[in-house]
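Participant: pasting the structure only:
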DNA sequence: TACTATTCCTGAAACAGTTTCGGTCGAGCC
DNA sequence: GGCTCGACCGAAACTGTTTCAGGAATAGTA
């Protein structure tokens, strides 16, 4: 049970009214709407077509879906999700919450109206309240690639801390002492972790943190370019940079080549990679790698299993390990003295 | 009309039987199944839930959806599709035909079973017969980024020919005479167009086509690397390369940097770009650019309009223009003599 | 041959959700 | 008072799907 008619008879209204609430028709009394919604959330209504359950989950974006600025993260995530759907033969819908959710509509209402039983949520800095609300309503959901304190929010993320720390320790081990870091200016959990790993690694190595080597910029190619200009164009330039997202690392490599700064001889670079972008440049980027595909896969598996087993009470707070991959963009600093010695900016690459 | 019951009464069977056919239940006689299917295709059945039409279209992949090897094409395409869905408020499902289509099931059956009214088809070399079958059945569909002779197949593609020809003529105008080309080894229409543009541009400029400068390789980074090695590592190396897909161009740039071949001084490169990958390298790639996003947008607009207007007979055979963008990877060949003079391979980059 | 059992196929009915149509009820207006 | 209009809601009609039971043909067996 938990059909429209069951809910209707429990509340002493007609099935038509329940349907109207589900579809957000305007002509239903506010008080009635409230009661129906409360009952829907309580009994765990699942949409059906005919007599069969609609086995559809959604990948929900707060705004525009699938932005390409984020590099190859989205396709990799989607690929993992599609793999995860195979087991229980669920279908996938792509929805944009901002675009399709009617004003005044509950999130539960919204998803049910679209025939969706559960949702994988893409999270950015600005829609954390939205996600908290969805979890509060109790609609089956799981967030990918973000962490939440709120125990009601299910999430699967990858732990950037351990690998990031190894990355910075790798640089320190090579002899680097002046190490810059570029982080996203609006910090999500991942970027905060990477930043913390940087701080801790320096601290444990007895290197004093220089706040002027920490650059907070919006992620993207141009952030990397700006960061490189700023971190090298100073009297005491860095010898290594940790770029905490893929596009920023690409921007650094691009600008370094433009300026003739030879990587890794004159500058070591560590990046972060969602997919295989680190292979697109030469030398291959030494990088912290997280597998967006398995993030999507695990999230989907958890969600579909939860939906099949009906127990809404299982929670998911998983963290997948990342790894640190040493490739061609890290090396010891040019000479031991070079660590202290100002290096001329520009044209520094062509002579040894 | 055109409901399950309408079809049932017309064929003198029960609605249950029609539903069973739609859902591919095994226990229905083969002859009956045939009759029902024929009638479904004839009267133009559209699936509903309750009394309402299901306004769902699908983006269908023949196999694994959203492969990341194809670079940023897929996210850009998806983004355009989502934009196109806004007008008529359609929903989007992602489906994999190989994975979900039951053996013996018609394509029409398959899509209807998933509650899909129309489909945007992703096309690769190996699934052209599949697409021809779908069009033959008459299910509302449109192919993106491929061309078909068959008048029943609707498609939207971008014309690579004009821009590719301008690209090669640009190289010729700069003074290049030995120009290599890298094309996908299994040619789709786009690659064939680019190849033809290359041939024609050379012919019109009175340059004899040298078949050994045409490399047919699977698209990807390593194709670019192989091509560069082969085209430069010969007694009469090329001075310019036209890479007919994005990843190949990246591979060429990568390998050039590895070998110290300075672009564009020692080698000019023209690429093809689906999104903004050409901006990721330095110098920025001179490239033929096609906008995958508007490809998705136009396909979606056409499909949804066709579905709203009920006229299944409108066909779509559109070609969107691409453009040619001159950036930093093309320049005249090193010296007029260098065109004929063999150039030492490797280490050629650091001295002028 | 005759009886039984099994399998295949089908339709009636029950059940899922949605919409249409009409009715009730109250508020406002002449 | 009588009239109109709008808000709200339920019965009924109409989607599609599944369950259950039964008919018909076939296969097996005495």
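Facilitator: The structure has been received and is ready for your questions. Being a predicted model, the structure only gives us computed values, none of them experimental.
Participant: tell me which residues touch residue A:122, please.
Facilitator: Going by CB atoms under 8 Å, 6 or more residues apart in numbering or on different chains, residue A:122 touches A:59, A:60, A:61, A:62, A:143, A:144, A:145. Quick note: C-beta positions are derived from backbone N, CA and C, even for glycine.
Participant: could you list the paired strands of the helix or strand hosting residue A:183 along with their orientation?
Facilitator: Assessed by DSSP states H and E, residue A:183 sits inside strand A:179-184. Strand A:179-184 pairs in its sheet with strand A:214-217 (parallel), strand A:240-243 (parallel), by DSSP bridges.
Participant: specify the angle between the following helix or strand past the last one and strand A:179-184 in degrees.
Facilitator: Later in the chain than strand A:240-243, the nearest helix or strand by DSSP H and E is helix A:246-259. With axes from the mean of the first three to the mean of the last three CA atoms, to 10 degrees applied, the angle from helix A:246-259 to strand A:179-184 works out at 130 degrees.
Participant: is there proximity between helix A:246-259 and chain B?
Facilitator: Yes: judged by CB under 8 Å from any CB of the partner chain, helix A:246-259 and chain B are in contact via A:250, A:254, A:255, A:257, A:258.
Participant: stretch A:142-159 too?
Facilitator: No: with CB under 8 Å from any CB as the criterion, chain B is not reached by stretch A:142-159; the gap is at least 15.1 Å.
Participant: show me how the record splits chain A into domains.
Facilitator: Chain A breaks down into these domains under automatic domain parsing: A:46-158+A:295-321, A:159-291+A:325-339.
Participant: so how far is the shortest one from its chain's centroid?
Facilitator: Spelled out, that is domain A:46-158+A:295-321. Offset of domain A:46-158+A:295-321 from its chain centre (CA atoms, centre = their mean, to the nearest Å): 13 Å.
Participant: ok, now the last one?
Facilitator: Computed by CA atoms, centre = their mean, the chain-centroid distance of domain A:159-291+A:325-339 equals 20 Å.
Participant: what is the mean pLDDT for it?
Facilitator: For domain A:159-291+A:325-339, mean pLDDT rounds to 93.
Participant: need the contact list for the closest residue to residue A:292 other than its chain neighbours.
Facilitator: With sequence-adjacent residues excluded and distances taken as CB to CB, 6 or more residues apart in numbering or on different chains, residue A:292 is closest to residue A:76, at 3.8 Å. Contacts for residue A:76 (CB under 8 Å, 6+ apart) come out as A:274, A:275, A:291, A:292, A:293, A:296, B:68.
Participant: mind checking which helix or strand residue A:76 is in?
Facilitator: Assessed by DSSP H and E, residue A:76 sits inside helix A:73-85.
Participant: is chain B within reach of the next helix or strand after that helix?
Facilitator: Next in sequence after helix A:73-85, counting helices and strands by DSSP H and E, comes strand A:91-96. Yes: against chain B, strand A:91-96 shows contacts by CB under 8 Å from any CB at A:91, A:92, A:93, A:94, A:95, A:96.
Participant: let's have the residues you listed in JSON lines, adding distance to DNA strand C and pLDDT.
Facilitator: Converted to JSON lines, the residues of strand A:91-96 next to chain B look like this (distance: CB to the nearest atom of the strand, whole Å; pLDDT from 0 to 100):
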{"residue": "A:91", "distance to DNA strand C": "17", "pLDDT": "95"}
{"residue": "A:92", "distance to DNA strand C": "20", "pLDDT": "96"}
{"residue": "A:93", "distance to DNA strand C": "15", "pLDDT": "96"}
{"residue": "A:94", "distance to DNA strand C": "20", "pLDDT": "94"}
{"residue": "A:95", "distance to DNA strand C": "16", "pLDDT": "93"}
{"residue": "A:96", "distance to DNA strand C": "20", "pLDDT": "92"}
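Participant: name the nearest of those residues relative to DNA strand D.
Facilitator: Here the nearest of these to DNA strand D, counting by CB to the nearest atom of the strand, is residue A:91; it sits at 13.2 Å.
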